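A.B. asks: Here is my input; please provide its structure:
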Amino acid sequence: MAEKAFRVEETGRTSTVWLMRPDRGNKLLTDEIRELGRAIRQAGSRDNVVAVLVRAEGEAFCLGREPDPAGKAPTTALGLRSGVTEPILDLYADVRATPVPVIAVAQGEARGFGCALVGQCDLAIAADSARFSMPEMDAHLPPTLAMSAVLGKIPPKRLMHLVYTRCQISAEEALSLGLLSQVAPRAELDATVEETVGRLTDRNRAAVCAVKEYMNLAPHVDPAAASRLAANILSVVLSSPKEL
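C.D. replies: Predicted coordinates for the structure are as follows:
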């Protein structure tokens, strides 16, 4: 039986998706990336869940995508689209479509797809020892999929510098760029996550979901539409039962 790539744990008002291949840097095969996205979305769709955490066992958070086995890699444009790019884009879409915030917790290195996953999540908390990189250009591969995950979060010139130089950046620099939302000392990471998540889980689900819905849409419309959207979403929450 193949070793499982991840597992889902539900505790109270949170679900945690654990990457569980520490001996391989928590790399994922393409099909597993699509399954991970579905698992995140499903976990966040449960009525009792207010946040979904993505965490990893071992030293690394995720060192990227696991190459397809020899002889199984797609060779045509359509094959590459259906077998490589679409599963990754599907995961990004599932994270965005998850009703509640998806929170990445990076205890160690996040490289390539792993870095993009951190960027795609709504919040990202990292240990001060964590490192981040998009090294695809080492193999002359433009990391456009990973770049699409962080558009609007990392300033364009800084993103291009990260991609072109393939430099590994610290958690503090990742925080300053907008890739992360919070950094904590490694020994205090779990306590920091617990405190931050606690500030979500003591709120009703409708209010938490409303903030994510607004942030998914508002940056992409004109100011007048963003204002009307804000009023409409707030009106719905204010007129809804508090237990939702």
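A.B. asks: C-alpha only now, for contacts and for neighbours.
C.D. replies: Will do.
A.B. asks: could you pull out the helices for this protein?
C.D. replies: Counting by DSSP state H, the chain has helices at residues 30-44, 77-80, 86-97, 113-120, 144-150, 156-165, 171-177, 189-201, 205-217, 223-238.
A.B. asks: among those helices, which is the most enclosed?
C.D. replies: Mean neighbours per residue, mean count of other C-alpha atoms under 10 Å, is largest over these for helix 113-120, with a mean of 26.
A.B. asks: Residues in contact with the lowest-mean-pLDDT helix or strand in the chain: which ones?
C.D. replies: Here the helix or strand of the chain ranked lowest by mean pLDDT, DSSP states H and E is helix 77-80, holding a mean of 78. The contact list for helix 77-80 (C-alpha atoms under 8 Å, 6 or more residues apart in numbering) reads Pro74.
A.B. asks: what do you get for stretch 187-203?
C.D. replies: In contact with stretch 187-203 (C-alpha under 8 Å, 6+ apart) are residues Arg13, Thr14, Val50, Ala51, Val105, Gln107, Ile125, Ala126, Ala127, Ala184, Val208.
A.B. asks: just stretch 38-49 next, same as before
C.D. replies: The contact list for stretch 38-49 (C-alpha under 8 Å, 6+ apart) reads 8, 12-15, 17, 50-52, 91, 94-95, 97-100, 102, 205.
A.B. asks: Now a ChimeraX select for only the buried ones of the residues you listed.
C.D. replies: Selection of the buried residues among the contacts of stretch 38-49 in ChimeraX, burial being defined by 16 or more other C-alpha atoms under 10 Å:
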select :8,13,14,15,17,50,51,52,91,94,95,97,98,99,100,102,205
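A.B. asks: Filter the contacts of stretch 38-49 down to just the ones in strands.
C.D. replies: Residues of those located in strands (DSSP state E): Val8, Thr14, Ser15, Val17, Ala51, Val52, Val102.
A.B. asks: which ones are touching the second one?
C.D. replies: Meaning Thr14. Residues in contact with Thr14 (C-alpha under 8 Å, 6+ apart) are Val49, Val50, Ala51, Val52, Leu53, Thr201.
A.B. asks: domain assignment for this structure?
C.D. replies: As assigned by automatic domain parsing, the chain contains the domains 6-199, 203-238.
A.B. asks: start to end distance for the last one?
C.D. replies: When you say that, I think you mean domain 203-238. Counting by C-alpha to C-alpha, to the nearest Å, you get 14 Å between the two ends of domain 203-238.
A.B. asks: Among the ones in strands among the contacts of stretch 38-49, which one sits closest to Ser235?
C.D. replies: Comparing the ones in strands among the contacts of stretch 38-49 against Ser235 with C-alpha to C-alpha places Ala51 closest, at 22.6 Å.
A.B. asks: center of this structure - which residue?
C.D. replies: Nearest to the mean C-alpha position of the chain, by C-alpha atoms, centre = their mean, lies Cys121 at 2.9 Å.
A.B. asks: That one reaches Ala93, doesn't it?
C.D. replies: No - counting by C-alpha atoms under 8 Å, Cys121 does not reach Ala93; the two are 10.7 Å apart.
A.B. asks: Check which residues of stretch 121-138 are buried.
C.D. replies: Buried residues in stretch 121-138, counted by 16+ other C-alpha under 10 Å: 121-136.
A.B. asks: Spit out the contact partners of the residue nearest to the centre of the chain.
C.D. replies: Val95, Arg96, Pro101, Val102, Ile103, Ala104.
A.B. asks: Surely the fourth one and Ala51 touch.
C.D. replies: Yes - using C-alpha under 8 Å as the test, Val102 is close enough to Ala51 to be in contact (6.1 Å).
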